[in-house]
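Chemist: Starting from these lines, generate the structure:
(2 chains)
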Amino acid sequence: MTLQEFFAMGGYGFYVWTSYGITLLVLVVNILIPIIQRKQFLRQQALKQKR
Amino acid sequence: MFLVPDVVVRFFHRMASPPHFYTFTERWMPWLVGLFVLLLGAGLYGGLYLAPADYQQGDSYRIIYIHVPSAWMSLFIYMVMATAGAIGLVWRIKLAEVVLISSAPIGASFTFIALVTGSLWGKPMWGTWWVWDARLTSELVLLFLYLGVIGLYGAMDDKRVASKAVAILALVGVVNIPIIHYSVEWWSSLHQGPTVTKMGKPSIHVSMLIPLLLMALAFKVYYVIALMQRARVELLSRERNSQWVKNKIAMETK
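Modeler: Here you go, the predicted structure:
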């Protein structure tokens, strides 16, 4: 199987890769959001304590 | 407590304590991420490369490796959420409330993925993006239940009262779970019947089944990782005035 054939997915490339792409995006965002929120929270609270 | 070994009881007692839980998640996170990457890599390699094309659906069926595990997770997370809700209502355990509300966005995400990938699979196979049949409609209702839980929780200021309210909503919504599962048997549907959980032998070849199960495991581990990340934020914010959170703040900003 060539790389081109692999990405073509027997003509269903659009449907297969869009599915995998959206899934990847949603899963990554779900991890990033709480990490950003935690960093923000800790920074804000630290500022409050200093005051 | 009889029948339950003492070690198990002690483990749950410790885990119910927010600072212990927080430390525990920090220690286990790298291992869980490693396990997730391994399972995901093996599942994708098996599903996208090793497994042959389907004799009827060609390569389009490869969407199954994310569609089915996501749909399973959408039901599984809902049951975790409802169970945590029941525990929170009965024993008022803070961590149970945190597990409930932290699960909701992850469950909503998997429901969304199941619906979108189903649509992207339905278009080439059924000739339509969407039909209002029992399986698709009940899964859409599940998405609204998740969004309802998130919305209701966000709308109330007192988080302990809000937890009670969303727990009741989550428990009422459990009716929908068997409807989703049996919808393809109770009503005629464009959606295909179960291939894996069918009684006796699953009607799927082992070269396709193994990557599917690997992906399902990978998604389970992902849920644990995402749940821990969300629960940490929720715990910090709820316990902001307690000493252990103040110590955490001091440590992280040094």
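Chemist: When you work out contacts or count neighbours from here on, use the C-alpha atoms and nothing else.
Modeler: Noted.
Chemist: for the longest helix anywhere in chain A, which positions count as buried?
Modeler: The single longest helix within chain A, with elements called by DSSP state H, is helix A:13-50. Judged by neighbour count using 16 or more other CA atoms under 10 Å in any protein chain shown, the buried positions of helix A:13-50 are A:13, A:15-17, A:19-20, A:23, A:27, A:30-31, A:34-35, A:37-38, A:41-42, A:45-46.
Chemist: Same question for stretch B:34-48.
Modeler: By neighbour count on 16+ other CA under 10 Å, the buried set for stretch B:34-48 is B:L35, B:F36, B:L39, B:L40, B:G41, B:A42, B:G43, B:L44, B:G46, B:G47, B:L48.
Chemist: Could you look up the next helix or strand downstream of the strand or helix carrying B:T137?
Modeler: Using DSSP states H and E, B:T137 maps to helix B:134-155. Later in the chain than helix B:134-155, the nearest helix or strand by DSSP H and E is helix B:159-172.
Chemist: Looks like A:V16 contacts B:I64 (just checking).
Modeler: No: here A:V16 does not reach B:I64: they are 9.5 Å apart, not a contact under CA atoms under 8 Å.
Chemist: Residues of chain A that sit close to chain B?
Modeler: Residues of chain A lying near chain B by CA under 8 Å from any CA of the partner chain: A:6, A:9-13, A:15-16, A:18-20, A:22-23, A:26-27, A:30-31, A:34-35, A:37-38, A:41-43, A:45-46.
Chemist: Which pLDDT value goes with residue 36?
Modeler: Looking at chain A here, since you left the chain open. Per-residue confidence (pLDDT) for A:I36: 96.
Chemist: wait, chain B
Modeler: According to the model, B:F36 scores 97 on pLDDT.
Chemist: picking up where we left off before, so for the helix holding B:T137, mean pLDDT?
Modeler: Mean pLDDT, helix B:134-155: 95.
Chemist: Tell me if that helix is near chain A.
Modeler: No: against chain A, helix B:134-155 shows no contacts by CA under 8 Å from any CA, the least distance being 14.4 Å.
Chemist: ok and that helix relative to helix B:159-172, angle-wise?
Modeler: 170 degrees (axes from the mean of the first three to the mean of the last three CA atoms, to 10 degrees).
Chemist: Give the other helices and strands that helix B:134-155 contacts.
Modeler: Helix B:134-155 sits against helix B:94-126, helix B:159-172, helix B:176-186, with contacts defined as 3 or more CA pairs under 8 Å, 6 or more residues apart in numbering or on different chains; DSSP states H and E.
Chemist: same thing but at 10 Å, please
Modeler: Under the contact criterion of 3 or more CA pairs under 10 Å, 6 or more residues apart in numbering or on different chains; DSSP states H and E, helix B:134-155 touches helix B:64-91, helix B:94-126, helix B:159-172, helix B:176-186.
Chemist: Just the buried residues of that helix, please?
Modeler: For helix B:134-155, by 16+ other CA under 10 Å, it's B:134-140, B:142-143, B:145-150, B:153.
Chemist: ditto for stretch B:174-185
Modeler: Residues of stretch B:174-185 classed as buried: B:V174, B:I177, B:I179, B:I180, B:H181, B:S183, B:V184 (neighbour count, 16+ other CA under 10 Å).
Chemist: Fine, thanks again, bye for now.
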